[in-house]
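In: Predicted coordinates and the sequence they were generated for:
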Amino acid sequence: MVGEQPSILLIADPGAPEAIAEHLSEALADSQHAEHRADRGWDVSVRCHAYPIDEHTEFAEVVGAVDPGGETEDLVIYLTDLPRRQGTTPVLADIGLSDRFAVISIPGLGGAFIERRVRELARTVVGEVTSRSGQPHAPATRTHRVQDGDVVHYLGPSALSRLRLLAGMVYANRPWRLVTGMSKVMMAAFATGAVSLAYPTMWQLSATMGPWRLSTTTVLAILALIAWLIIEHRLWERPHGSGERERAVLYNASTVITLTIGVIIFHAALFALLLLTAWWTIPPQMVTENTGRPADLTTLLLMAWLVAAVATLGGALGSGMEDDEAVRAAAYGVRQRRRFDRTDRPAPPRGPMA
């Protein structure tokens, strides 16, 4: 309306999309204000809500679920961590020109420079909806524009499309949160490591094993924790049919990579804690007497290296103390957890055919 400030509503799924939306609202308001001073800029607001949709939901159904016509804003953009695809090509954005509504699928943007890519794509969406020339808007960098009636689709690059989508799914899971989300595992691992530091046998082993053996022990311990988390908490998705096989492979690969990154961060934090504990508590002369070497920084690093691997194995056993929901909350975003909820829930009984 004339004289009123135009507005944008950003709706975001909980988790990574919500954090991105907060930064995007500031960027959109600033950029639009700079480009349209005569129009007094955009008023951008953010709402966090996860609608009951999944990756199979068509764009028309998303429009019906969100109901952008019931909002007072001039443009509604829904940021979701649901991976959306057209065949094997990631769909980055769906834009309903008549509805003045768009869906941006964050996983399709990959796993790096996410906020910048979302910002560029959001500006493209704004340009599509607000363009008065009737000409197609210039597509965002490295995207392919397809128009179907009054709906515009922006597709990701076909090269390495699966790898790009997989990286985006891992980013949406925020694997760095695994350490803080599994406090019982960290406590069990640290307790195991602290006890192991008290044994002179561990000091002697760390001094004689050498880097290659210590590296192998560390890798095996990390793999053991990853495997135990997947098996104990049923994180492996099994396809229910041939059509689901490719999707299950994608989600399982996302699970493995997410847990690998999270467990490596977990192990690094554990190593730092045990190194500090060894430096603070173990008398240097006792280490020298038992290993025949001076208790210098190298000796403490090797000691913490071995004990951290042992402690990571202790964390694998301690992961059984965490319930499934806690582990899934630590390892996945909201959307992926809901997928598991739907998979675990028994199917309703079938009634007689009409």
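Out: That came in fine, so what should we check first?
In: switch to C-alpha atoms for all contacts and neighbour counts from now on
Out: Will do.
In: Skip ahead from the helix ranked longest in the chain and say which helix or strand is next.
Out: When every helix of the chain is counted residue by residue (DSSP state H), the longest turns out to be helix 245-281. Sequence order places helix 284-291 as the next helix or strand after helix 245-281, per DSSP states H and E.
In: Buried residues, that next one. List them.
Out: In terms of neighbour count (16 or more other CA atoms under 10 Å), helix 284-291 has its buried residues at 284, 287-288, 291.
In: Sketch out the low-pLDDT regions of the stretch 151-300 of the chain for me.
Out: The model of the stretch 151-300 of the chain has pLDDT under 70 over residues 159, 241-243.
In: which residues touch T299?
Out: 206-207, 293 (CA atoms under 8 Å, 6 or more residues apart in numbering).
In: Please tell me which one of those counts the most neighbours.
Out: Counting neighbours by other CA atoms under 10 Å, S206 comes out on top of the contacts of T299 with 23 neighbours.
In: how far is the longest helix of the chain from where the chain is centred?
Out: Centroid separation for helix 245-281 versus its chain: 14 Å, with CA atoms, centre = their mean, to the nearest Å.
In: Can you give me the buried ones in it?
Out: Residues of helix 245-281 classed as buried by neighbour count (16+ other CA under 10 Å): 248, 250-267, 270-271, 273-275, 277-279.
In: which helices and strands sit right next to it?
Out: Packing partners of helix 245-281 (3 or more CA pairs under 8 Å, 6 or more residues apart in numbering; DSSP states H and E): helix 161-173, helix 178-181, helix 183-196, helix 200-232, helix 297-318, helix 324-331.
In: Switch the ones you listed over to JSON lines; also include distance to E128.
Out: Shown next, in JSON lines, are the helices and strands packed on helix 245-281 (distance: least, CA to CA, whole Å):
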{"stretch": "helix 161-173", "distance to E128": "24"}
{"stretch": "helix 178-181", "distance to E128": "39"}
{"stretch": "helix 183-196", "distance to E128": "46"}
{"stretch": "helix 200-232", "distance to E128": "44"}
{"stretch": "helix 297-318", "distance to E128": "51"}
{"stretch": "helix 324-331", "distance to E128": "36"}
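In: tally of neighbours for L317?
Out: Residues within reach of L317, counting by other CA under 10 Å, total 18.
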